[in-house]
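*Asks:* below are the sequence and a predicted model; questions follow.
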Amino acid sequence: MPNVSAMTDKPAQNSDFVQSLERGLAVIRAFDAEHRELALSEVARLTGLTRAAARRFLLTLVKLGYVNLSQGRFSLRPRVLELGYAYLSSLTLPEVALPHMEQLVAKVNESCSISVLDDIDVVYVARVPTRRIMSITLAVGTRLPAFVTSMGRVLLAGLPDEELEERLARIEVTPLTSRTVADKDELRTILAGVRRQGYSGAVTAALNVSVHASRASMAALRREFLPLARRTAAAIEEDLRGTSDRRAGSFALPQP
């Protein structure tokens, strides 16, 4: 990986240069596809910071929601996407995914979305709405409780057991509709079923197609929509691999 510590070896900057910001960004850049989790000592070594300084930056990023801390190891959280939202909106995942999503929407005449998990919420990072007179208004950046959404359940089910239980402990199961899951035991049963469906291994993003219940039966969703959505997810993943030197994350499809 690039030597992040080189950032701290630059000559003295002018009075307008904020070195603490530079160091904070260096801490974020220490993580990459091959270093998804790092211990404090590893971050200090990669950035050239002292352990004390690295600890302060990491814990600040944890407090702000950009970094996760679990069992002494740190990892980035999806909130770091906010730092480059303008860039992200036109490059990488959205740029690669949107043409495939548009083709899918043209075939099924229903909206398509991609989201990632941010703590106990899902965040929409790409969306192609259908051209209907009446449709649900959702946009990139929309946050929804993960436990009540199809994509959220796929993303939760993709977590390791210990991490899943830690997040479930902080989820407040409150009724949003008459069909909302009743309690955490029922939610665990649902998530176990999602895992058994096993559309993907390591899940980093989820894709879905939103269909009004009056327009398609469950059997039609599984027979007609699901195969198209799976092919779309596979095409996006393949293109992501082709535009990066490192392996792209996998997509999972919510089961109708």
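*Replies:* Good, I have the coordinates. Numbering: from 1, shown residues only.

*Asks:* and stretch 78-85, what's buried?
*Replies:* Within stretch 78-85, the residues that count as buried by 16 or more other Cβ atoms under 10 Å are P78, R79, V80, L81. C-betas here are computed from N, CA, C, even on glycine.

*Asks:* ok, the residues you listed vs T149, which is closest?
*Replies:* P78 (14.9 Å; Cβ to Cβ).

*Asks:* can you tell me how far the closest one sits from V123?
*Replies:* The gap separating P78 from V123 is 6 Å, by Cβ to Cβ, to the nearest Å.

*Asks:* who touches both of these two?
*Replies:* Residues touching both P78 and V123 by Cβ atoms under 8 Å, 6 or more residues apart in numbering: V116, L117.

*Asks:* out of the buried residues of stretch 78-85, which sit inside strands?
*Replies:* Using DSSP state E, no member of the buried residues of stretch 78-85 sits in strands.

*Asks:* of all those residues, which comes closest to T189?
*Replies:* Closest approach to T189 among those (Cβ to Cβ): P78, at 26.2 Å.

*Asks:* quick one: the closest one and L117 touch, right?
*Replies:* Yes - taking Cβ atoms under 8 Å as the definition, P78 is a contact partner of L117 at 6.6 Å.

*Asks:* quickly list what's touching both of those two.
*Replies:* Common neighbours of P78 and L117 (Cβ under 8 Å, 6+ apart) are V123.

*Asks:* report the buried residues of stretch 57-72.
*Replies:* Applying 16+ other Cβ under 10 Å to stretch 57-72 flags F57, L58, L61, Y66, V67, N68 as buried.

*Asks:* er, stretch 38-47 actually
*Replies:* By 16+ other Cβ under 10 Å, the buried positions in stretch 38-47 come out as L38, L40, E42, V43, A44, R45, L46, T47.

*Asks:* the most centrally placed residue in the chain in helix, strand or coil?
*Replies:* Centroid-nearest residue in the chain, with Cα atoms, centre = their mean: V116, separated by 2.4 Å. With DSSP: H, G, I helix; E, B strand; the rest coil as the basis, V116 sits in strand.
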